[in-house]
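Asks: what follows is a predicted structure for the sequence shown.
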Amino acid sequence: MVLTKVYDAATVFRHLNGILNVYKPAGMKVKHVRNAILSNICKGLNSLEQREPRELPKSPLLGTGTAGDDVLHKIASNPDLSDHILSAGPHYTPSDVRFSTVAPLGDHTSGVLLFGINKGTGQASCIKGNRPVRVYHITGRMGTATENHLPDTHITVRSNFRHVSAERISGLASSMQASHQRKMYELCGVDLQTQAAYELACKGLIRPADNNHPVIYGINLIHFERPHFTLELHAINETEEYLAALVHDMALELRTVAHCAQIRCVRHSHFDIRDSLLRHGWNLPGIMKNLRRHRDLLREHPQMMHPRQINLQA
Amino acid sequence: MFFSAIRNILKNSQNAAKYTAITAQLRHLRGQRNHQVEVGLITPTDVTTNQHDTPAEAAREGAKEVALDFGKREAHVPSFNLAAYVNNSSTLKKFIDLGVDLHSIEKRKGLGQFVLGLDFEKNVKPHISFLVDQGVSPDNFGRMFTKNPLLFKEDLDDLKTRVEYLKSKRFSDEARARILTQNPYWLMFSTRRVDRRLGYFQKEFRLSGHDLRLLATKEPNVITYNMEHLRKSVFTLKEEMGFSPKELSALIVRRPRLMMTPPDDLIERFSYIHQDMGLSHAQIVQCPELLASREFRLRERHEFLKLLGRAQYNPQEDLYISPKTIVQGNNFYFVRNVAKSDLETFELFLKTR
């Protein structure tokens, strides 16, 4: 692929399509991320070369013999000032860019956040319809429970956590994973010990049919250092509150209390945290580079765009 | 009632007759590419002012030129923006040449109408030459008039008085030019009001004359800022953060802009700097840039330094890192020159939080 440098805003805007993978910082709303990116795109586009204002009809200064005269041409040029940037306003405003979110993240969650830009909005809704799995790293802090199970509210309960060990947490995690899987097959109406269940499992992941039932596919402990523990969790349709409540319930099972210190989305389908765009990269060149990277990624994995069939009817 | 209605209709038709006469002349004039074309025909009064020039122009009508018809916008048609009138008004054309952003003017209430009614020779030119006399660079006119087009409403004598007031307070020539350039609203304030404001700052922070002039020149916008906001942030700085009067005046003179930042943000930054980074009040006064930097930026950089084991802000010990350098430059500069690491490491670190 040959890359050429572009200085023209219209060309850049024509290629501003696709899926954008942004690293959302914790404590920032999705709406604010979206507004920051949109305004940066427009700022970048408006600082590039713009088209000249339209011309009004030429005055008859130019006769037949004077067509080659530069000075006369300059005098005779008659730009339509009502089309000038200073009178008509900047050429690109945030409302000119179509923008859609693939799946929302909560305010305290950081990590991979996907946006569809311009023609990418269609791809975004395809990906959304497929309900891809998201992978989270959730850090819990034992010893204190808070009102909404997140760190920014009042502490409600304190307790001891000396008896909690890594083995006990991972044991609990795998039993929770097993019970979630069993629940899924039960909801599909098949017994786990039958041929039907085997065939269902062969067809791939059992996905929920609608948007509001959280399903967990895997939980395991990846890091333990008192009072913190980190879980890796694969899920569909999860919300921040659901994950926080999950950590709270796990801690109660372990005879202690805990709250979520950090929730981080590390992967959304094939969109990895390694390719996501950090806050200092939220400018037009960075965004264009990121869009190009993910265009290639979508080409490598076309199944992300095709609807899959196995659904979990809850 | 009935008669008055008829009289109105008659008046309108008379105006229309005048108007058609004028448009013919105007077309002719545009054919000549004359710059004195003026169609600010929004109100009938403008029609009458144009009427005064007609004899001279009518004399020139003898020359049979091809009149250009640009499909001119009729003046009585209402418009949503100033762009519709730009091609027909020499004042607006001149404004565009100066770099005034008409688009942002028309978004503010009443200003579009005001700018449309201006006459360049009569209302604008004297003010511009006055500003040039004060040492304002012509490059800044566009930005200044975009911010405050109402400057042309002020009487020239008033403006002179206000500048004389600054002179009497021993502001140097450069300082005055800077004040007028940086804060186009300054000249809108009466001398009494400006005097009261300057008095407030002098009394509140016990500033010397020199320091007050430095403050006003450094950030002229502070002087004309909303008093309510100023009082709130001064309260925050003094009572909530607990700077002593001496520290406060030093802080204010070094970074006047702190008074214009929202108090909630200030408190958030201060509590991070003071409690998490462990810097004393004296150290914060030494580098007020810390308070001017957004909280997430401080947090990212401080935590990265802490991870590398380089967050050492005590000048008496080894491996001292000046707090001033933490907030300097972009991330690349910070990572290379302050943290002595590389950008990939920093990015990986940012992606773990």
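Replies: Received, thanks.
Asks: from now on I want contacts and neighbour counts done on CA atoms only, so please keep to that.
Replies: Noted.
Asks: show me which residues of chain A sit near chain B.
Replies: A:23, A:25-26, A:56-57, A:59, A:80-83, A:86-89, A:110-111, A:262, A:264, A:273, A:278, A:280 (CA under 8 Å from any CA of the partner chain).
Asks: from those, which land in helices?
Replies: Here DSSP state H is the test, and those give A:Leu86, A:Ser87, A:Ala88 as lying in helices.
Asks: now those in a markdown table, with distance to B:Arg254?
Replies: Output for those, formatted as a markdown table (distance: CA to CA, whole Å):
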| residue | distance to B:Arg254 |
| --- | --- |
| A:Leu86 | 36 |
| A:Ser87 | 39 |
| A:Ala88 | 40 |
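Asks: can you pick the most crowded of those residues?
Replies: When neighbours are counted by other CA atoms under 10 Å in any protein chain shown, A:Ser87 leads these with 27 neighbours.
Asks: so that one sits against B:Ile105, correct?
Replies: No - using CA atoms under 8 Å as the test, A:Ser87 is too far from B:Ile105 to be in contact (9.4 Å).
Asks: how about the residue nearest the centre of chain A, secondary structure?
Replies: Geometric centre of chain A, nearest residue: A:Leu113, 1.7 Å, by CA atoms, centre = their mean. Assigned state for A:Leu113: strand (three-state reduction, DSSP: H, G, I helix; E, B strand; the rest coil).
Asks: and for the nearest residue to A:Asp191 once chain neighbours are set aside, the neighbour number?
Replies: If the residues on either side of it in the chain are set aside, A:Asp191 comes closest to A:Ala197, at 6.4 Å by CA to CA, 6 or more residues apart in numbering or on different chains. The tally of other residues near A:Ala197 (other CA under 10 Å) stands at 16.
Asks: got the phi/psi numbers for A:Ala197?
Replies: Per-residue torsions, A:Ala197: phi -70, psi -40 (degrees, to the nearest 10).
Asks: that one reaches A:Val190, doesn't it?
Replies: Yes - A:Ala197 is within contact range of A:Val190, at 5.8 Å (criterion: CA under 8 Å).
Asks: which secondary element of chain B has the worst mean pLDDT?
Replies: Scoring the helices and strands of chain B by mean pLDDT, DSSP states H and E places helix B:44-60 at the bottom, with a mean of 39.
Asks: typed the wrong thing, it's chain A
Replies: That would be, for chain A by mean pLDDT, DSSP H and E, strand A:311-312 at a mean of 58.
Asks: outline the domain layout of the chain.
Replies: You didn't say which chain, so I picked chain A. Chain A is divided into the following domains under automatic domain parsing: A:10-49+A:74-125+A:275-302, A:133-268.
Asks: oops, wrong one, chain B.
Replies: B:1-73, B:226-288, B:293-353.
Asks: so, low pLDDT: which residues of the chain?
Replies: Here I'm looking at chain A. Along chain A, the model assigns pLDDT under 70 to residues A:1, A:58-76, A:307-314.
Asks: oops, chain B please
Replies: Residue ranges of chain B with pLDDT under 70: B:1-77.
Asks: what about 90?
Replies: Confidence mapping of chain B against pLDDT under 90 gives the ranges B:1-90, B:109-110, B:112-113, B:116-117, B:315, B:318-319, B:353.
Asks: which parts of it sit against chain A?
Replies: B:68, B:70, B:82-87, B:93, B:96, B:99-104, B:331, B:347, B:350-353.
Asks: restricted to helices, list these.
Replies: Going by DSSP H, the helices hold B:Ala83, B:Ala84, B:Tyr85, B:Val86, B:Lys93, B:Ile96, B:Leu102, B:His103, B:Ser104, B:Asn331, B:Glu347, B:Leu350 from the residues of chain B next to chain A.
Asks: please determine how far the residue nearest the centre of chain B is located from B:Asp101.
Replies: By CA atoms, centre = their mean, chain B has its centre lying nearest to B:Lys147, at 4.1 Å. Per CA to CA, to the nearest Å, B:Lys147 is found 9 Å from B:Asp101.
Asks: try B:Leu116
Replies: Counting by CA to CA - B:Leu116 and B:Asp101 are separated by 14 Å.
Asks: thinking again about what came up before, just put the domains of chain A in JSON lines and tack on distance to B:Asp155.
Replies: As requested, the domains of chain A are exported to JSON lines (distance: least, CA to CA, whole Å):
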{"stretch": "domain A:10-49+A:74-125+A:275-302", "distance to B:Asp155": "27"}
{"stretch": "domain A:133-268", "distance to B:Asp155": "55"}
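Asks: give the contact list for the nearest residue to A:Gly106 once chain neighbours are set aside.
Replies: Spatial nearest neighbour of A:Gly106, excluding adjacent residues (CA to CA, 6+ apart): A:Glu240 at 5.4 Å. The contact partners of A:Glu240, taken as CA atoms under 8 Å, 6 or more residues apart in numbering or on different chains, are A:Leu105, A:Gly106, A:His108, A:Thr109, A:Ile263.
Asks: could you do A:Asp107 as well?
Replies: So A:Asp107 contacts A:Ala26, A:Gly27, A:Met28, A:Lys29, A:Val30 (CA under 8 Å, 6+ apart).
Asks: what does A:Pro79 give?
Replies: A:Pro53, A:Arg54, A:Glu55, A:Leu56 are the contacts of A:Pro79 under CA under 8 Å, 6+ apart.
Asks: next one: the nearest residue to the second one once chain neighbours are set aside from B:Leu98, what distance?
Replies: Spelled out, it's A:Arg54. Using CA to CA, 6+ apart and skipping residues adjacent in sequence, the residue nearest A:Arg54 is A:Asp80, 5.3 Å away. Distance from A:Asp80 to B:Leu98, counting by CA to CA: 17 Å.
Asks: apply the buried test to the ones in helices among the residues of chain B next to chain A and list what passes.
Replies: Among these, those classed as buried by 16 or more other CA atoms under 10 Å in any protein chain shown are B:Ala83, B:Ala84, B:Tyr85, B:Val86, B:Lys93, B:Ile96, B:Leu102, B:His103, B:Ser104, B:Asn331, B:Leu350.
Asks: count of residues packed around B:Ile321?
Replies: Using other CA under 10 Å, the number of residues around B:Ile321 comes to 18.
Asks: how distant is stretch A:121-137 from the center of its chain?
Replies: Relative to the mean C-alpha coordinate of its chain, stretch A:121-137 is positioned 9 Å out (CA atoms, centre = their mean, to the nearest Å).
Asks: name the nearest residue to A:Pro132, ignoring sequence neighbours.
Replies: Closest to A:Pro132 by CA to CA, 6+ apart is A:Ser269, at 5.2 Å.
Asks: OK, contacts around that neighbour?
Replies: Contact analysis of A:Ser269 by CA under 8 Å, 6+ apart lists A:Pro132, A:Val133, A:Arg134, A:Met304.
Asks: quick check: it vs B:Arg353, distance?
Replies: Distance check for A:Ser269 against B:Arg353: by CA to CA, it reads 20 Å.
Asks: filter the residues of chain A next to chain B down to the buried ones.
Replies: A:23, A:25-26, A:59, A:80-83, A:86-89, A:110-111, A:262, A:264, A:273, A:278.
Asks: the more surrounded of B:Leu116 and B:Asp101?
Replies: B:Asp101 (23 against 19).
Asks: wait, that one sits on B:Thr146?
Replies: Yes - counting by CA under 8 Å, B:Thr146 is a contact partner of B:Asp101 at 5.5 Å.
Asks: the nearest residue to the residue nearest to the centre of chain A once chain neighbours are set aside pairs with what?
Replies: Of all residues not flanking A:Leu113 in the chain, A:Val22 sits nearest, at 5.2 Å (CA to CA, 6+ apart). Beta bridges link A:Val22 to A:Leu113, A:Leu277, judged by DSSP bridges.
Asks: wait, what's in contact with A:His301?
Replies: The neighbourhood of A:His301, defined by CA under 8 Å, 6+ apart, consists of A:His270.
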